[in-house]
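S.K.: Sequence first, predicted model second:
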Amino acid sequence: MDAFAALADPIRRALLVRLAAGPTRVVDLAADHQVSRPAISKHLRLLTEAGLVDVEDRGRERHYRLDRSGLRPVHHLLEALATSPPFSEHDFDGLDLEVRRTGRDRRSRHRQQEETA
């Protein structure tokens, strides 16, 4: 599973937000949700496969933490979207043409009003 597919699920997004605050046990993560602990474990397994979460065994407990490097593809996409111009040159050319046309029409109406007055 890739990062984008992993982020598609609201429970997985909520788990990532929780893990952004620091490493947490699966028991604590499950307590925050209305789904079973095995369901949370499955979500965590998918997040681990996507490279978004690391797991560390500490005795009988598993501690999960956010792996921010897994978010690189998402970060790169958002960065590309944020830096790309919202308007193309073609859009500006069309706007320029419309501004010129409107100005010409206003001047023409103004001259007609002066001639009839």
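M.R.: Everything's here; your move.
S.K.: Contacts only, for the spatially closest residue to Gly51 that is not a sequence neighbour.
M.R.: Excluding its sequence neighbours, the residue lying closest to Gly51 (C-beta to C-beta, 6 or more residues apart in numbering) is Gly70, at 3.5 Å. Every residue, glycine included, has its C-beta placed from N, CA and C. Residues near Gly70 by C-beta atoms under 8 Å, 6 or more residues apart in numbering: Ala3, Ala50, Gly51, Leu52, Val53.
S.K.: 7 Å - rerun?
M.R.: If a contact means C-beta atoms under 7 Å, 6 or more residues apart in numbering, then Gly70 has Ala3, Ala50, Gly51, Leu52 as its contacts.
S.K.: pretty sure it is in a strand, no?
M.R.: No - assessed with DSSP: H, G, I helix; E, B strand; the rest coil, Gly70 is helix; it does not lie in a strand.
S.K.: If you rank the contacts of Gly70 by neighbours, which is first?
M.R.: Leu52 (25 neighbours; other C-beta atoms under 10 Å).
S.K.: which pair in the contacts of Gly70 spans the largest distance?
M.R.: Ala3 and Gly51 (6.8 Å; C-beta to C-beta).
S.K.: Specify which member of the contacts of Gly70 is nearest to Thr24.
M.R.: Once C-beta to C-beta is applied, the member of the contacts of Gly70 that ends up nearest Thr24 is Leu52, at 14.0 Å.
S.K.: Skipping its backbone neighbours, what lies nearest the closest one in space?
M.R.: Gly70 (4.0 Å).
S.K.: repeat for Asp2
M.R.: Closest to Asp2 by C-beta to C-beta, 6+ apart is Ala50, at 6.0 Å.
S.K.: separation between that neighbour and Arg12?
M.R.: Counting by C-beta to C-beta, to the nearest Å, the gap from Ala50 to Arg12 is 9 Å.
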